[in-house]
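> Predicted model and sequence follow; I will ask about them next.
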Protein chains: 2
Amino acid sequence: MNDFRYQAPTRYIFGRGKEEETGNEVAAIGCKKVMIVYGGQSAVKSGLIDRVKVSLDECEIKYVTLSGIKPNPTDDRVYEGIEVARNESIDGILAVGGGSVIDTAKAIAAGTVYDGDFWDFYAGKAVIRNALPVGVVLTIPAAGSEGSGNSVITKIDGLHKISLRTDFWLRPKFAILNPELTFTLPPFQTASGIADMMAHIMERYFSPTPDVEVTDRICEGILKAIIEEAPKVMANPEDYEARANIMWAGTMAHNGICGCGRVEDWVSHFMEHEISAVYGVTHGAGLATVYPAFLKFMAEHAPSKPAQFARRVFDVDIQDDKSAALEGISHLKDFFRSLGLPLTFAELGVENPDIDLLVKKLHENKGEIIGGYYRLSAADTAVIYSYAL
Amino acid sequence: MNDFRYQAPTRYIFGRGKEEETGNEVAAIGCKKVMIVYGGQSAVKSGLIDRVKVSLDECEIKYVTLSGIKPNPTDDRVYEGIEVARNESIDGILAVGGGSVIDTAKAIAAGTVYDGDFWDFYAGKAVIRNALPVGVVLTIPAAGSEGSGNSVITKIDGLHKISLRTDFWLRPKFAILNPELTFTLPPFQTASGIADMMAHIMERYFSPTPDVEVTDRICEGILKAIIEEAPKVMANPEDYEARANIMWAGTMAHNGICGCGRVEDWVSHFMEHEISAVYGVTHGAGLATVYPAFLKFMAEHAPSKPAQFARRVFDVDIQDDKSAALEGISHLKDFFRSLGLPLTFAELGVENPDIDLLVKKLHENKGEIIGGYYRLSAADTAVIYSYAL
């Protein structure tokens, strides 16, 4: 086990109707005027935004809104938000939505109190030392941004999709998790979210660090729970209990507890970010396509951890590591397929992917050699992309 | 899954030599003069207290000390600590030790800034609204107090051992976890700590709340990790990796993550607290004695969860719930026995326990009917105590 520091101070408020406590929670973190950031019209039509506003009104919290945040969120909306936040003397950001909304809110929170260009943080040119407090009302269990210190933003100029990771400043102060808000998610979005949260666990699980039994077992346990609950939410979108388990799994997958004490991997996320940046696909669906390809390469080159994954998560009973790993991949693909997720570029809607371009951008953004579990060159990542053809 | 609120803001600093960062961490939480609370001479002889003092000196933190805190800590030392803290204008408490030291530090932290008698909090007559910040350098992985909002103190008058649970105020601000500090723990204390942390998970696991798959799987995973790592630390006390896993498991067992979304049980702890209050036994050893007895009663009256425990934690492959549960108990007893832990009152060193007295005190302190998983009367708890004869 490696040395580590870990602190996850986000307050979770979980259960039915909890969005009605938004005003109290905003007041508790000392904010008087917030920017409500949200996505499309569904949050308005469902009445969620109104319920949140009523709750803020009851606590005499003022607000402005920034709406229309789209999937794979872009820097232009961040700049817009920062300008509004400064002009309106906003003292907190309230994200009502999923990962794209929360990640945009976090970027605005850091950018508003920074003298330079907020992109400096994402480009690695500056380190966040301050940010407005962020609160969340979660509507999509997937990205895990409600409990993480991370934010992923795409710079339109050059389509650079960059993930920024912080220990502290970008962690939300509170996250309200009401599983009922996820009843109306379309099946494809539900399934993509499930792939995303599984990937968040697996990116931490596939690690070269030995002797991390506690963290491994936590990862395997949450994965097993997701595999148990996912078919229930697909079969009955209003199954509160299953939705609740999936929602909590999504948060636990990405609040860092699955990574304590070890080197993490993240190659599959990096590889997917290039696909979604260039082709605009849904992130979780892209991960369902990339992850089995990544694991196939690992079964060939470093099968021990994929074999453990197969044995402990899918109860594969095969002695040989490579064979066990391949059998586990087969189970994982069956599972993704059962959720209606794509397993190839073509199924993802990318008929003729420009793998050379993806590889070039990947290594431009992330370095010549990448990956925590196994070090990968451009030749290797090209092979992995090709496994998803 | 039930509605819940969860916040665990403690900062963990994990790894070799991390006690040398104590001064920095104390400074980071804004303290200028702390009370170092510790136990016997082993922390002095090992040089740990000196290393902590050097670290405080380097950061210009002043300190006084309160030493000699014993297992099953008592209210007299808390009163003493409160008086010293007030006279010396202490602004934070630094616990260097295990659960008894940390629980005493927490009681002092709350009592110092309270006008009334600190015991009011434990007697349920007052609610903590303020406390001095507490930091921890952990030396015994067992009680989990380094990450919990709990504190257990025994009132000498009447030998009332009471567990106080708070959501926020008693959670340490930071906890330094260096597995090397546990190398010199005697085998019996190591084993008792392991039983204690397992019990902390099981008290939350044995719940009547259905559909808590994520939390269940996390519990089962950590239990499996403990069962894997425990024999290694018993065989080789200086196995850093195994010690590290046990230490982290102890923290995760009790920081609340294993209880999210459900009613918890805690009967076995309540029953053991009466034993250790009256007979002064080691808490974890008492739990090793009580828990199988509790589970035997549950196998007879509510076998579904003990059966799941048996199947998922000990890989028991038996269809019938009661039979599976009994087989699981057999595995648990074998495991405790392999660590050298007692399974009966006699092995615990209590030749002729006064079960009537234990039952009377138990229900006086905790109510006529107790237990989260299954509701137990005095007649029931008498049966459970008798199963440990």
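It's in.

> domains of chain A?
Split into domains by automatic domain parsing, chain A comes to A:11-181, A:186-387.

> mind giving me TSV with those domains and columns for mean pLDDT and distance to B:T65?
In short, each C-beta sits where N, CA and C put it, glycine included. Formatted as TSV, the domains of chain A follow (pLDDT from 0 to 100; distance: least, Cβ to Cβ, whole Å):
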stretch	mean pLDDT	distance to B:T65
domain A:11-181	96	32
domain A:186-387	97	32
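
> contacting residues around the most centrally placed residue in chain A?
Residue closest to the average C-alpha location in chain A (Cα atoms, centre = their mean): A:A143, at 2.4 Å. Counting by Cβ atoms under 8 Å, 6 or more residues apart in numbering or on different chains, A:A143 touches A:98-100, A:102-103, A:152, A:193, A:196, A:250, A:254, A:283.

> between those, which is closest to B:G367?
Of all these, A:G250 has the smallest distance to B:G367: 37.5 Å, by Cβ to Cβ.

> The longest helix along chain A to helix B:213-235, inter-axis angle?
Scanning chain A for the longest helix, with DSSP state H as the assignment, gives helix A:213-235. Angle of helix A:213-235 versus helix B:213-235, following axes from the mean of the first three to the mean of the last three Cα atoms, to 10 degrees, is 160 degrees.

> Could you list the buried residues of helix A:213-235?
Judged by neighbour count using 16 or more other Cβ atoms under 10 Å in any protein chain shown, the buried positions of helix A:213-235 are A:213-230, A:232-234.

> of those residues, list those near chain B.
Of the residues in the buried residues of helix A:213-235, proximity to chain B by Cβ under 8 Å from any Cβ of the partner chain holds for A:213-222, A:224-226, A:228-229.

> Greatest separation within these: which pair is it?
Greatest spatial distance among these (Cβ to Cβ): A:E213 and A:E229, at 24.4 Å.

> neighbours around A:F121, how many?
25 (other Cβ atoms under 10 Å in any protein chain shown).

> What lies in contact with the one helix or strand it maps to?
Applying DSSP states H and E as the criterion places A:F121 in helix A:119-122. With contact meaning Cβ under 8 Å, 6+ apart, helix A:119-122 is reached by A:75, A:107, A:110-111, A:114, A:126-128, A:151, A:153, A:155, A:162, A:164.

> need those in a markdown table with secondary structure, can you?
Shown next, in a markdown table, are those (DSSP: H, G, I helix; E, B strand; the rest coil):
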| residue | secondary structure |
| --- | --- |
| A:D75 | helix |
| A:A107 | helix |
| A:A110 | helix |
| A:G111 | helix |
| A:Y114 | coil |
| A:A126 | coil |
| A:V127 | coil |
| A:I128 | coil |
| A:S151 | strand |
| A:I153 | strand |
| A:K155 | strand |
| A:I162 | strand |
| A:L164 | strand |
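
> Any chance of a PyMOL selection covering the buried ones in these?
Restricted to buried positions by 16+ other Cβ under 10 Å, the PyMOL selection for those reads:
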select buried, chain A and resi 75+107+110+111+114+126+128+151+153+155+162+164
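
> quick one: which of the contacts of helix A:119-122 is nearest to B:S330?
A:S151 (50.5 Å).

> so what's the closest one bridging to?
Assessed by DSSP bridges, A:S151 has beta-bridge partners A:L164.

> ok, it - contacts?
Counting by Cβ under 8 Å, 6+ apart, A:S151 touches A:102-103, A:106-107, A:122, A:145, A:163-164, A:170.

> Report the buried residues of the longest strand belonging to chain A.
Longest strand in chain A, counting residues (DSSP state E): strand A:4-14. In terms of neighbour count (16+ other Cβ under 10 Å), strand A:4-14 has its buried residues at A:4, A:6-8, A:10-14.

> Counting neighbours, what do you get for A:M35?
24.

> What's the end-to-end length of stretch A:122-133?
In terms of Cα to Cα, to the nearest Å, the two terminal residues of stretch A:122-133 are separated by 19 Å.

> where along chain A do the strands fall?
With strands called from DSSP E, chain A shows them at A:4-14, A:33-38, A:62-66, A:92-97, A:134-138, A:150-155, A:160-165, A:174-177.

> The longest one packs against which elements?
For strand A:4-14, the packing partners by 3 or more Cβ pairs under 8 Å, 6 or more residues apart in numbering or on different chains; DSSP states H and E come out as strand A:174-177, helix A:240-254, strand B:4-14.

> pretty sure A:S268 contacts A:R204?
No. Using Cβ atoms under 8 Å, A:S268 makes no contact with A:R204, being 11.5 Å away.

> Closest one to chain B out of the contacts of A:S151, please.
Checking these against chain B by Cβ to the nearest Cβ gives A:L170 as the nearest, at 15.6 Å.

> thinking again about what came up before, list just the nearest of the contacts of A:S151 to B:L138.
Among the contacts of A:S151, A:L170 lies closest to B:L138 (Cβ to Cβ), at 28.4 Å.

> Quick one: neighbours of the closest one, just the number.
Counted by other Cβ under 10 Å, the residues lying close to A:L170 total 24.

> Kindly report the same for A:D334.
Close neighbours of A:D334, defined as other Cβ under 10 Å, add up to 11.

> I'd like the distance between it and A:H283.
22 Å (Cβ to Cβ, to the nearest Å).

> likewise A:F270?
Going from A:F270 to A:H283 by Cβ to Cβ gives 12 Å.

> Over to A:K18?
From A:K18 to A:H283 the distance is 26 Å (Cβ to Cβ).

> before we move on, what about A:A293?
Going from A:A293 to A:H283 by Cβ to Cβ gives 16 Å.

> Report the contact partners of the nearest residue to A:D239 once chain neighbours are set aside.
Distance criterion Cβ to Cβ, 6 or more residues apart in numbering or on different chains; nearest residue to A:D239, sequence neighbours excluded, is A:K232 at 5.1 Å. Contacts for A:K232 (Cβ under 8 Å, 6+ apart) come out as A:239, A:241-242.

> Likewise for A:A105?
A:35, A:37, A:81, A:93-95, A:134, A:136.

> Out of those, flag the one nearest to chain B.
Nearest to chain B out of the contacts of A:A105 is A:V136 (Cβ to the nearest Cβ; 13.8 Å).

> residues contacting that closest one?
A:94-96, A:102, A:105, A:145-146, A:172, A:174-176.

> Could you provide those residues in CSV, with additional columns for distance to B:E264?
Formatted as CSV, the contacts of A:V136 follow (distance: Cβ to Cβ, whole Å):
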residue, distance to B:E264
A:L94, 32
A:A95, 31
A:V96, 32
A:I102, 31
A:A105, 34
A:S145, 29
A:E146, 24
A:P172, 26
A:F174, 23
A:A175, 22
A:I176, 23
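
> any idea how far A:Y38 lies from chain B?
24 Å (Cβ to the nearest Cβ, to the nearest Å).

> Quickly list what that residue is bridged to.
When assigned by DSSP bridges, A:Y38 has beta-bridge partners A:V96.

> Surely it is in contact with A:T65?
Yes. Counting by Cβ under 8 Å, A:Y38 touches A:T65, with 7.1 Å between them.

> which residues sit in contact with the residue lying farthest from the centre of chain A?
Relative to the C-alpha centroid of chain A, counting by Cα atoms, centre = their mean, A:Q319 is the outermost residue, at 33.7 Å. Shown in contact with A:Q319 (Cβ under 8 Å, 6+ apart): no residues.
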